[in-house]
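Chemist: Below are the sequence and a predicted model for it; my questions follow.
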2 protein chains.
Amino acid sequence: MLFSKSKSDDVTVVAMLASALRRDISFGTLRPDQKLKIEELRQRYGGSNHSMRETLRMLGAEGLVESTAQRGFRVTSATEDDLRDVMQVRIEIERTGLEWSLKHGDVHWEGRVMAAHHALRKSERDVRENPDDLTALQWDEASRAFFASLIEASGSPRLIGLQQKFFDQSRRYRLALLREGKLDFDKRSERQKKLVEAVLARDNEAALDTLTKEIEAEIRGEA
Amino acid sequence: MLFSKSKSDDVTVVAMLASALRRDISFGTLRPDQKLKIEELRQRYGGSNHSMRETLRMLGAEGLVESTAQRGFRVTSATEDDLRDVMQVRIEIERTGLEWSLKHGDVHWEGRVMAAHHALRKSERDVRENPDDLTALQWDEASRAFFASLIEASGSPRLIGLQQKFFDQSRRYRLALLREGKLDFDKRSERQKKLVEAVLARDNEAALDTLTKEIEAEIRGEA
DNA sequence: TTATAAAAAACGTTGGATATTTTTTATTTT
DNA sequence: AAAATAAAAAATATCCAACGTTTTTTATAA
């Protein structure tokens, strides 16, 4: 469920393969720029050559994998520049989404933001004292859910899709920062709290500003 | 070349199929919400079932086709709401891109904008006096090139990718407006001229404002 | 009519095979 | 020894045919 894109949608082979590959790309088991040879992948993950190709096309759509005609697939590279680009675009998307949400969101939306924030706080406590893979993944998912909640009331399905996509693309970097202990959870907590308060107070400027800072903090660790 | 995504990249079967399907979706030959049955498509466009599936996955990535596990593919629907959403997101993307371009773009960028504008003017003249399919397509491509030039200097490959994606998604609507004679080319020309002038004058506000208006004009025809 | 069961259609997947293209290795030439 | 070339190996992109499953349609019973 953690890497399956939409709830219990692991019904098809391609969806399962996609989950597995997503996971391994996120954790760096499949490294940036690494060539993805169909045969090799099949041995490791199963599935037929066609299923695997289809899977790779899907991951291509998500930006995790790139392909060149006649010379196959490779894991999307992850240089400093890539990171910056992903995060910069993420900032713009989420700012827009939050702005729209602030315009259209009602009290129920506020409730969902609070709930997501609450869950995230719990996850951050968990991951601080026990940063194993599973916990890390659950934390990242809680994080995603929190940011998603912020733009949930934007009324724009496409914007929501973009956010998901870019959040997923940034996962690799985020998990790396976590592994290297470069995330300052205290500061994160503080910003998140401020962000939620600004949302509840409908203080556009403060909200957008804090959101930006929170995402920017992931461009380089701050610990 | 007109529907091939990247220059002379029609080398592979899947790429060719993708071009053909893109075209037919853009012109409405394949209508919104229409079920896309693999076998049917194969008969019409050729290719094996796998090639076709891969193609549909690609178009899925581009937002032209949607899929549901176990019940195949269909042309992405195109309601009023969809149109509005696509265009609204397009506005945000292009505004951001233009803003960044204005920050980073040099004199050569300005030159390319002027060139693209020049070519677009020519195309608009062409399409006004002879709005057949091919001309329409060439006009749309010139249009795409013009808007692309505006964000070309943004320095963000991902933002550029997004622009392309959303421009492509809006093509269906645009061609429909053209067919129905609901595009006011005089007004378009005027806005485009103003836009280029603002860019050259590095007048951020005017540029962004005009860009927004130009895109908004496509949400509903104005003729 | 509404529900249910049977039949048909379409989806997802596999295995195996092959032409083409790319990459690697070995050989010859400058 | 470096560069160019040819031969061999590997990998990609396809196709065909087949089959279990799920979904959709059609027919039948309640």
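Modeler: Right, received. Where do you want to start? Remember, it's a predicted structure, so these values are computed and weren't measured experimentally.
Chemist: Which positions in chain A make contact with chain B?
Modeler: A:9, A:11-12, A:15, A:50, A:53-54, A:57-58, A:60-61, A:63, A:69-70, A:85-86, A:88-89, A:92, A:96, A:156-159, A:162, A:166 (C-beta under 8 Å from any C-beta of the partner chain). Just so you know, the C-beta spots here come from the backbone N, C-alpha and C atoms, and that holds for glycine as well.
Chemist: The closest residue to A:Lys182 other than its chain neighbours: neighbouring residues, count only.
Modeler: Leaving aside its chain neighbours, A:Lys182 sits nearest to A:Gly221 (2.5 Å; criterion: C-beta to C-beta, 6 or more residues apart in numbering or on different chains). Number of residues near A:Gly221 (other C-beta atoms under 10 Å in any protein chain shown) recorded here: 16.
Chemist: thinking again about what came up before, name only those of the residues of chain A next to chain B that count as buried.
Modeler: Buried members of the residues of chain A next to chain B, scored by 16 or more other C-beta atoms under 10 Å in any protein chain shown, are A:9, A:15, A:50, A:53-54, A:57-58, A:60-61, A:63, A:85-86, A:88-89, A:92, A:96, A:156, A:158-159, A:162, A:166.
Chemist: mind listing which of those are in helices?
Modeler: Taking DSSP state H as the definition of helices, those contribute A:15, A:50, A:53-54, A:57-58, A:60-61, A:85-86, A:88-89, A:92, A:96, A:158-159, A:162, A:166.
Chemist: Return the residues of chain A in contact with DNA strand C.
Modeler: A:12-15, A:46-51, A:54, A:70-71 (C-beta under 7 Å from any atom of the strand).
Chemist: Helix or strand for the residue lying closest to A:Ser26 once chain neighbours are set aside, just tell me which one.
Modeler: Leaving aside its sequence neighbours, A:Ser26 sits nearest to A:Arg171 (C-beta to C-beta, 6+ apart; 4.7 Å). Assigned by DSSP states H and E, A:Arg171 belongs to helix A:157-179.
Chemist: What residues sit buried inside that helix?
Modeler: Buried-residue list, helix A:157-179, by 16+ other C-beta under 10 Å: A:158-160, A:162-178.
Chemist: thinking again about what came up before, so what's the residue nearest to A:Ser26 scoring on pLDDT?
Modeler: You'll see A:Arg171 listed with a pLDDT of 97.
Chemist: Isn't it up against A:Trp139?
Modeler: No: taking C-beta atoms under 8 Å as the definition, A:Arg171 is not a contact partner of A:Trp139, at 11.1 Å.
Chemist: what about the strands in chain A?
Modeler: Here chain A has its strands, by DSSP state E, at A:35-36, A:65-67, A:73-75.
Chemist: Give me the number of neighbouring residues for A:Phe101.
Modeler: Residue A:101: Ser, not Phe. Count around A:Ser101 with other C-beta under 10 Å applied: 24.
Chemist: Contact partners for it?
Modeler: Counting by C-beta atoms under 8 Å, 6 or more residues apart in numbering or on different chains, A:Ser101 makes contact with A:109, A:150-154.
Chemist: Weed out the non-buried ones from those.
Modeler: The buried subset of these (16+ other C-beta under 10 Å) comprises A:109, A:150-154.
Chemist: got the domain boundaries for chain A?
Modeler: Partitioning chain A according to automatic domain parsing yields domains covering residues A:13-75, A:80-216.
Chemist: want to try JSON lines for those domains, with distance to B:Arg23 as columns?
Modeler: Output for the domains of chain A, formatted as JSON lines (distance: least, C-beta to C-beta, whole Å):
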{"stretch": "domain A:13-75", "distance to B:Arg23": "19"}
{"stretch": "domain A:80-216", "distance to B:Arg23": "23"}
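Chemist: Figure out which of those domains is closest to B:Ala198.
Modeler: Judged by C-beta to C-beta, the one of these that comes nearest to B:Ala198 is domain A:80-216, at 20.8 Å.
Chemist: That closest one: end-to-end distance?
Modeler: Taking C-alpha to C-alpha, to the nearest Å, domain A:80-216 runs 14 Å from one end to the other.
Chemist: again, but for stretch A:175-190
Modeler: 20 Å.
Chemist: Tell me how far it lies from the chain's centre.
Modeler: 15 Å (C-alpha atoms, centre = their mean, to the nearest Å).
Chemist: The buried ones among the residues of chain A next to chain B also near DNA strand D: which ones?
Modeler: Answer for those near DNA strand D (C-beta under 7 Å from any atom of the strand): A:50, A:53.
Chemist: give the contact list for the closest residue to A:Ser154 other than its chain neighbours.
Modeler: Distances taken as C-beta to C-beta, 6+ apart put A:Trp100 closest to A:Ser154, at 3.8 Å, once the chain neighbours are dropped. By C-beta under 8 Å, 6+ apart, the contact set of A:Trp100 is A:151, A:153-156, A:159.
Chemist: Could you check how far A:Trp100 is from A:Ala153?
Modeler: The gap separating A:Trp100 from A:Ala153 is 8 Å, by C-beta to C-beta, to the nearest Å.
Chemist: if we can go back for a sec, how far away is the residue nearest to A:Ser26 from DNA strand C?
Modeler: 24 Å (C-beta to the nearest atom of the strand, to the nearest Å).
Chemist: now swap in A:Glu214 and tell me
Modeler: 38 Å.
Chemist: again, but for A:Ser77
Modeler: From A:Ser77 to DNA strand C the distance is 16 Å (C-beta to the nearest atom of the strand).
Chemist: ditto for A:Arg172
Modeler: On the measure of C-beta to the nearest atom of the strand, A:Arg172 and DNA strand C end up 24 Å apart.
Chemist: Next one, pLDDT for the residue of chain A most remote from its centre please.
Modeler: Within chain A, A:Gln70 marks the point farthest from the mean C-alpha position, 30.3 Å out by C-alpha atoms, centre = their mean. A:Gln70 carries a pLDDT value of 92.
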